[in-house]
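Q: coordinates only, sequence not included:
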């Protein structure tokens with residue numbers, strides 16, 4: 001049984017034609033990481049895209065909290081390597097919820113994608129968990145030293161956005177750098193072969209690179225300079241309209257995970273370690289490198305805001321879109337109103353306070 005979705009398929013059809021082959025490829029490759037255990041054909045399915053970075057989303061997945069909260073649904077988790085791939089899946093209408101960076105969301109809400117999804121949660125604020133690392137022996141000691149070097153990052157990701165912001169801050173023209181589009185694991189392999197001089201990426205790949213390299217700049221520094229990046233939880237607008245009760249349950253368990261990170265970091269680290277295939281000690285160290293909001297902070301004007309009063313996440317996304325337009329990554333930035341409408345505040349703050 002499938003959920004009846006009444007989204008505007010005609011609007012997505014032209015984009016689906018362009019991205020169809022890529023979407024199919026992404027989903028096939030991701031198929032080996034699909035968790036659809038306990039599937040029951042008599043129940044509708046909620047499709048969630050997740051990424052392997054430390055966050056409450058992995059806690060929710062590992063502890064099966066969503067399965068417990070929504071027993072009348074099948075819960076299907078699919079792993080993706082980056083926000084660009086997730087955007088493609090949304091265009092193909094293959095995803096209902098996703099963990100995705102703010103830069104891909106800003107891009108997704110802008111032309112030509114114009115993806116009909118909304119931000120319903122802030123998973124974390126990037127700190128030292130996303131950074132530019134230079135391989136030892138390359139002579140790279142500052143961002144300015146990247147001129148003429150081979151630098152890998154996942155295009156259309158928060159890391160790519162932060163790399164462009166770092167170059168802009170240092171007065172370096174991106175055209176003077178050999179930028180290479182590589183997903184985290186592929187960038188690690190290229191690093192080990194000596195094919196790249198530096199990489200801007202996120203955990204857990206980032207910690208592997210640090211073993212034979214040094215951090216040049218982290219997203220925490222760029223946030224201080226006015227270019228913050230976030231990991232967000234988004235939901236398809238059509239799904240939110242048709243199944244608001246499921247969105248409420250999803251937000252409740254995500255809020256529960258944020259509380260666990262604050263109140264019982266050891267339990268949080270154990271859950272994340274199980275998902276990342278690492279030790280609880282490594283997972284705990286990775287958690288310390290990010291910034292995780294409290295439930296009270298989540299619904300403050302600084303972040304999501306409350307029902308009818310979207311918070312500054314909208315302005316953050318608008319600023320990111322303006323920067324992407326300046327860098328010629330998108331044709332133009334939509335008005336602020338576009339992003340304000342894309343913040344899902346229905347039931348806030350009460351919904352997340354109930355966990």
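A: Noted; the coordinates are in hand. Just so it is clear, the structure is predicted and the values come from calculations on it, not from any experiment.

Q: Low-confidence ranges, the stretch 251-355 of the chain, go.
A: Scanning the stretch 251-355 of the chain for pLDDT under 70 picks out 355.

Q: In the protein, which strand is the longest?
A: Counting by DSSP state E, the longest strand found in the chain is strand 117-125.

Q: Name the next helix or strand downstream of that one, please.
A: strand 130-135 (DSSP states H and E).

Q: so what strands line up beside the helix or strand that that following strand is followed by?
A: Remark: after strand 130-135, the chain's next helix or strand is strand 150-153, criterion DSSP H and E. Strand 150-153 pairs in its sheet with strand 178-181 (parallel), strand 198-202 (parallel), by DSSP bridges.

Q: Tell me which residues are up against the helix or strand where residue 67 lies.
A: Assigned by DSSP H and E, residue 67 belongs to helix 65-69. Helix 65-69 is contacted by residues 38, 46, 48, 59, 60, 75, 249, 250, 252, 253, 256, 257 when judged by C-beta atoms under 8 Å, 6 or more residues apart in numbering. (C-beta placed from N, C-alpha, C; glycine too.)

Q: Next one, pLDDT for the first one please.
A: Pointing back at residue 38 there. If you check residue 38, the pLDDT there is 57.

Q: rewinding a little: narrow the contacts of helix 65-69 to those in strands?
A: Here DSSP E is the test, and the contacts of helix 65-69 give 46, 48, 75 as lying in strands.

Q: most surrounded residue in those?
A: residue 75 (26 neighbours; other C-beta atoms under 10 Å).

Q: Okay, and the beta partners of that residue?
A: Counting by DSSP bridges, residue 75 forms beta bridges with residue 46.

Q: residues contacting it?
A: Going by C-beta under 8 Å, 6+ apart, residue 75 touches 45, 46, 48, 66, 67.

Q: Hmm, residue 70 and the second one touching each other?
A: Yes - taking C-beta atoms under 8 Å as the contact criterion, residue 46 and residue 70 are neighbours in contact, 6.9 Å apart.

Q: hey, where'd the strands end up in the chain?
A: Per DSSP E, the chain carries strands over the ranges 34-35, 45-50, 74-79, 97-101, 117-125, 130-135, 150-153, 178-181, 198-202, 213-218, 230-236, 305-306, 309-310.

Q: right, and those - which one's nearest residue 342?
A: Counting by C-beta to C-beta, residue 342 lies closest to strand 117-125 out of the strands of the chain; the figure is 5.0 Å.

Q: So for the chain, which residue is the most central one in space?
A: The C-alpha lying nearest the average C-alpha coordinate of the chain belongs to residue 100 (C-alpha atoms, centre = their mean; 2.1 Å).

Q: Quick check: chain neighbours aside, which residue is closest to that residue?
A: residue 83 (4.4 Å; C-beta to C-beta, 6 or more residues apart in numbering).

Q: Distance from stretch 174-185 to the middle of the chain?
A: Centroid displacement of stretch 174-185 relative to its chain, using C-alpha atoms, centre = their mean, to the nearest Å, is 19 Å.

Q: ok, back up a step: would you list the strands paired with strand 150-153 in TSV and tack on mean neighbour count, distance to residue 146 and mean pLDDT?
A: Formatted as TSV, the strands paired with strand 150-153 follow (neighbours: other C-beta atoms under 10 Å; distance: least, C-beta to C-beta, whole Å; pLDDT from 0 to 100):
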stretch	mean neighbour count	distance to residue 146	mean pLDDT
strand 178-181	16	9	98
strand 198-202	29	6	97
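
Q: Which one of those lies nearest to residue 326?
A: Judging the strands paired with strand 150-153 by C-beta to C-beta, what sits closest to residue 326 is strand 178-181, at 16.3 Å.

Q: mind listing what the nearest residue to residue 167 once chain neighbours are set aside touches?
A: Closest residue to residue 167 apart from its sequence neighbours, by C-beta to C-beta, 6+ apart: residue 174 at 5.5 Å. By C-beta under 8 Å, 6+ apart, residue 174 lies in contact with 164, 167, 327.

Q: Could you tell me which of the residues you listed belong to helices?
A: Applying DSSP state H to the contacts of residue 174, the entries found in helices are 164, 167.
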